[in-house]
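Asks: Turn this into a structure:
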Amino acid sequence: MKEQLSAACLRADRDRAALVGRVWVPHVGPTVVCVRGDDVCDLSSIAPTISQLFERHDLVTTVRNAETLPKVTTVAAALHHSYYGESEDTAPRLIAPCDLQALKASGVTFVSSMLERVIEEQARGDPSRAEVVRKSIVEVIGNNLATIRPGSAEADRLKSVLIAQDAWSQYLEVGIGPDAEIFTKSQPLSAVGIGAEVGIHPASEWNNPEPEIVLAINSAGVAVGATLGNDVNLRDFEGRSALLLGKAKDNTSSCAIGPLIRLFDDGFDMDDVRRCEITLKVSGPDNFEMTGSSSMAMISRDPMELVAQAIGPTHQYPDGLMLFLGTMFAPTQDRFGPGKGFTHAIGDVVTVATPKLGALVNRVNHADKVTPWTFGIASLMTNLHCRGLL
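Replies: Predicted coordinates for the structure are as follows:
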């Protein structure tokens with residue numbers, strides 16, 4: 001079972017990949033690690049936090065050439081315990097591979113998800129109205145906006161036409177306008193990793209996973225690597241009002257990242273990110289199953305444009321940031337009745353995967369039932385001080 005889980009979560013060209021992350025070591029705490037063959041090794045002597053590690057100019061060389069790194073566990077054992085023993089603090093387990101970084105997300109970066117955001121807005125968060133609204137919206141604006149470059153003269157002309165037809169939307173504004181939507185997904189240290197439960201608000205009746213690529217960016221605005229994320233979303237909350245975005249996006253355990261960060265090197269770069277095909281699978285306790293995919297080739301804004309809009313002269317992040325790049329996947333498959341669309345059931349298992357980054361697997365629960373988030377920045381600083389790392 002351990003070997004099967006390892007093969008599923010860390011798949012293609014693993015031996016060539018420079019992989020870093022964090023492991024919770026019982027009676028020690030969060031530990032920065034790298035993968036060496038079948039082993040997970042302690043990088044604490046190089047950097048006490050992932051955010052500090054990413055400030056190294058010789059990052060990949062440092063990780064590859066570091067000698068005499070203590071072995072923490074094996075990859076197979078870490079993944080197995082992360083998935084099957086998350087609540088038992090008895091063996092090392094993988095946790096979210098980021099720590100002090102700001103957790104930011106890009107919204108409405110794909111045409112298909114942009115249309116679904118417009119539909120949520122027009123349906124006022126009521127899933128039973130979604131299909132009727134979907135048809136009426138497509139009749140007005142069509143469903144092929146992929147050729148329109150955001151911020152272009154063509155986009156501006158379309159905006160004028162849609163305003164004249166009373167069909168303009170705040171989601172179209174960030175979807176094809178000059179300014180990307182960059183929002184705060186969650187707080188530093190609040191993300192959960194592979195195997196943990198992801199949380200949805202108990203009052204939500206229309207919600208969904210959002211499978212995405214997540215870039216790791218240092219304080220200089222340099223993207224140093226990539227991983228997978230689930231930007232859990234409450235469609236009914238955001239649909240009622242865009243001002244509820246914080247409540248729709250930032251709940252306990254609603255941000256999942258992992259399993260590890262793959263550093264950019266000669267064998268993996270931003271062009272690989274641009275070519276990624278991200279798959280999603282939801283397996284429910286009711287035998288419901290849904291699959292889908294999201295192609296980064298269909299993104300409306302280049303990842304580096306999103307990075308430039310997230311960090312720069314007007315936005316500094318001295319500890320770096322993790323940036324979700326958005327998704328084209330907005331599920332419409334009916335689950336609990338005709339016309340009601342998709343929503344999660346408690347106990348769903350969500351798998352986000354792409355060959356060069358592996359797979360991120362999480363179970364769904366209500367946000368007030370998952371393990372509370374208690375280990376914040378003060379706890380981390382105290383822990384690192386007691387271990388002599390600060």
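Asks: Quick one: the helices in the stretch 201-350 of the chain, in order.
Replies: Secondary structure of the stretch 201-350 of the chain (DSSP state H, counting those that start in this stretch): helices at 235-240, 245-249, 270-274, 303-310.
Asks: Pick the most buried one from the ones you listed.
Replies: Across the helices of the stretch 201-350 of the chain, averaging neighbours per residue (mean count of other Cβ atoms under 10 Å) puts helix 235-240 on top, at a mean of 23. Any C-beta I mention is one placed from the backbone N, CA and C, and that applies to glycine too.
Asks: and that helix, how far from the chain's centre?
Replies: Centroid separation between helix 235-240 and its chain, computed with Cα atoms, centre = their mean, to the nearest Å, is 20 Å.
Asks: what does stretch 211-226 give?
Replies: 11 Å.
Asks: Any idea how far apart the tips of it sit?
Replies: Criterion Cα to Cα, to the nearest Å; first-to-last residue distance in stretch 211-226 is 13 Å.
Asks: quick one: buried residues of that stretch?
Replies: Judged by neighbour count using 16 or more other Cβ atoms under 10 Å, the buried positions of stretch 211-226 are 211-219, 221-226.
Asks: so which pair among the residues you listed is furthest apart in space?
Replies: Greatest spatial distance in the buried residues of stretch 211-226: Pro211 and Ser219, 27.5 Å, computed using Cβ to Cβ.
Asks: what's the neighbour count on the nearest residue to Glu277 once chain neighbours are set aside?
Replies: Closest residue to Glu277 apart from its sequence neighbours, by Cβ to Cβ, 6 or more residues apart in numbering: Ser295 at 5.4 Å. Ser295: 14 surrounding residues under other Cβ atoms under 10 Å.
Asks: again with Ser152
Replies: Neighbour count for Ser152, taken as other Cβ under 10 Å: 12.
Asks: roughly how far apart are it and Arg275?
Replies: As defined by Cβ to Cβ, to the nearest Å, Ser152 lies at a distance of 24 Å from Arg275.
Asks: What pLDDT is listed against the nearest residue to Arg335 once chain neighbours are set aside?
Replies: Sequence neighbours aside, Phe342 is the residue nearest to Arg335 in space, at 5.1 Å (criterion: Cβ to Cβ, 6+ apart). Listed pLDDT for Phe342 reads 90.
Asks: next one: Arg117
Replies: pLDDT, read off for Arg117, is 63.
Asks: re the thing from before, and the helices of the stretch 201-350 of the chain, which one is worst for confidence?
Replies: Here the lowest mean pLDDT among the helices of the stretch 201-350 of the chain goes to helix 235-240, at a mean of 87.
Asks: other SSEs contacting it?
Replies: For helix 235-240, the elements it packs on are helix 111-123, strand 207-208, helix 245-249, judged by 3 or more Cβ pairs under 8 Å, 6 or more residues apart in numbering; DSSP states H and E.
Asks: And the strands in the stretch 51-200 of the chain?
Replies: 71-74, 93-95, 102-107, 181-186, 197-200 (DSSP state E, counting those that start in this stretch).
Asks: of these, which approaches Phe329 most closely?
Replies: Comparison of the strands of the stretch 51-200 of the chain against Phe329 by Cβ to Cβ identifies strand 102-107 as nearest, at 13.4 Å.
Asks: picking that back up, which of the helices of the stretch 201-350 of the chain sits closest to Gly358?
Replies: The nearest among the helices of the stretch 201-350 of the chain, by Cβ to Cβ, is helix 270-274 at 13.5 Å.
Asks: now the closest one, how far from the chain's geometric center?
Replies: For helix 270-274, the distance from its own C-alpha centre to the chain's C-alpha centre is 16 Å (Cα atoms, centre = their mean).
Asks: what packs against it?
Replies: helix 303-310.
Asks: between the helix it packs on and strand 181-186, how many degrees?
Replies: 80 degrees (axes from the mean of the first three to the mean of the last three Cα atoms, to 10 degrees).
Asks: which secondary structure elements does helix 303-310 contact?
Replies: Against helix 303-310 (3+ Cβ pairs under 8 Å, 6+ apart) you get strand 102-107, strand 181-186, strand 211-217, strand 223-231, helix 270-274, strand 321-324.
Asks: Looking at these, spot the one closest to Asn362.
Replies: With Cβ to Cβ as the criterion, Asn362 lies closest to strand 223-231 of the helices and strands packed on helix 303-310, at 6.3 Å.
Asks: List the pairing partners of that closest one within its sheet, with orientation.
Replies: As defined by DSSP bridges, the strand partners of strand 223-231 come to strand 211-217 (antiparallel), strand 255-263 (antiparallel).
Asks: Leu69: which of those is closest?
Replies: Across those, Leu69 has its closest neighbour in strand 255-263 (15.4 Å, Cβ to Cβ).
Asks: how distant is that closest one from the center of its chain?
Replies: Distance, centroid of strand 255-263 to centroid of chain: 8 Å (Cα atoms, centre = their mean).
Asks: ok, now stretch 24-37?
Replies: Relative to its chain's centre, stretch 24-37 lies at 21 Å (Cα atoms, centre = their mean).
Asks: Report the mean per-residue pLDDT for that stretch.
Replies: Mean pLDDT, stretch 24-37: 95.
Asks: Quick check: end-to-end length of it?
Replies: 20 Å.
Asks: Could you tell me which residues within that stretch count as buried?
Replies: Buried, per 16+ other Cβ under 10 Å, within stretch 24-37: 24-25, 29-35.
Asks: show me where pLDDT drops low in the protein?
Replies: 1-13, 85-88, 111-122, 124-125, 133-134, 136-148, 158, 161-168 (pLDDT under 70).
Asks: which residue is nearest the middle of it?
Replies: Residue closest to the average C-alpha location in the chain (Cα atoms, centre = their mean): Gly229, at 2.3 Å.
Asks: on that earlier part again, how close does the residue nearest to Glu277 get to Tyr171?
Replies: Ser295 is 20 Å from Tyr171, by Cβ to Cβ.
Asks: With that, I have no additional questions.
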